[in-house]
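Trainee: A structural model of the following input is requested.
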Amino acid sequence: MKGCFIFAPLAAAFFFTASAQAQLSEETLAQRCLTSLIGASQDHAFMQQVLNESRIVPESVVVERYDENVGQQHIATQLTAKLDHPARKNITLLCLLENDRPLYVWSGKEIAASP
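Mentor: Got it, this is the predicted structure:
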């Protein structure tokens, strides 16, 4: 009976640690996508400024893993997330990934328009 008291806390610790690692992984992927979008917008100073001021809303990150071709390109993961910005609302990040590397990143026309 003593073993149950030791095993239960260990199992709970493992479960919550694994869950936290999965969440961290999703946030890391979202940050990777945001960084890729910032790099791709080098020719658009205003858009780059807005993206640099934006932060990922961790609880909004949704990662969908699947195995399909979009045209000729194989896509394994789709990530969507909300971005928090002091002045702009409803900024959505869409990212298509292969091997956890961004292939295509989109944030919508709401960022590109100057205030």
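
Trainee: same for the lengthiest strand in the chain, what does it pack against?
Mentor: Longest strand in the chain, counting residues (DSSP state E): strand 73-84. Helices and strands touching strand 73-84, by 3 or more Cβ pairs under 8 Å, 6 or more residues apart in numbering; DSSP states H and E, are helix 2-40, strand 55-56, strand 62-70, strand 91-98. From N, CA and C alone the C-beta is placed, and that goes for glycine too.

Trainee: buried sites along that strand?
Mentor: By neighbour count on 16 or more other Cβ atoms under 10 Å, the buried set for strand 73-84 is 75-83.

Trainee: format the residues you listed as CSV; extra columns: pLDDT.
Mentor: Formatted as CSV, the buried residues of strand 73-84 follow (pLDDT from 0 to 100):
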residue, pLDDT
75, 81
76, 88
77, 90
78, 93
79, 96
80, 97
81, 97
82, 96
83, 96
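
Trainee: give me the most central residue, this structure.
Mentor: Among the residues of the chain, the one closest to the centroid is residue 30, at 1.9 Å (Cα atoms, centre = their mean).
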